[in-house]
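> pasting the sequence and the predicted coordinates here, then a few questions.
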Amino acid sequence: MANPKRRHSKARRDKRRAHHALSAPATSTCSECGEAKAPHRVCPHCGHYRGREVIDKADE
């Protein structure tokens with residue numbers, strides 16, 4: 001099994017890891033209540049999706 005002959009420097013290691021940062025999840029605003037929600041998903045606050053009520057949140 002192959003092993004490295006020389007140790008890689010910290011700069012070389014960190015250059016490789018420069019693109020490993022996580023990005024924030026995408027959000028959009030609900031057209032009914034204005035709360036932040038995931039795009040293409042039912043709003044967890046009011047239960048609407050694309051202008052119509054999908055989940056009845058009045059019971060909860």
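Looks like it came in fine.
> so which residues of the chain form strands?
28-29, 36-37, 48-49, 52-53 (DSSP state E).
> can you get me a residue count around Lys37?
With neighbours defined by other CB atoms under 10 Å, the count for Lys37 comes to 20. C-betas here are computed from N, CA, C, even on glycine.
> tell me who's in contact with the closest residue to it other than its chain neighbours.
Nearest non-adjacent residue to Lys37, counting by CB to CB, 6 or more residues apart in numbering: Cys43, 4.7 Å away. Counting by CB atoms under 8 Å, 6 or more residues apart in numbering, Cys43 makes contact with Cys30, Glu32, Cys33, Glu35, Lys37, Tyr49.
> could you identify the most distant pair in those residues?
Glu35 and Tyr49 (13.0 Å; CB to CB).
> which of those two has more neighbours?
More crowded of Glu35 and Tyr49, by other CB under 10 Å: Tyr49, with 17 against 12.
> correct me, but the more buried one touches Ala38?
No: judged on CB atoms under 8 Å, Tyr49 makes no contact with Ala38 at a distance of 11.1 Å.
> quick check: end-to-end length of stretch 38-53?
One end of stretch 38-53 sits 16 Å from the other (CA to CA, to the nearest Å).
> now stretch 34-51
End-to-end distance for stretch 34-51: 12 Å, by CA to CA.
> mind listing what's buried along it?
Using 16 or more other CB atoms under 10 Å as the test for burial, stretch 34-51 gives Lys37, Val42, Cys43, Cys46, Gly47, His48, Tyr49.
> next one: the residue positioned nearest the centre of the chain from Gly34, what distance?
The residue lying closest to the centre of the chain (CA atoms, centre = their mean) is Pro25, at 1.9 Å. Distance of Pro25 to Gly34, computed by CB to CB, to the nearest Å: 19 Å.
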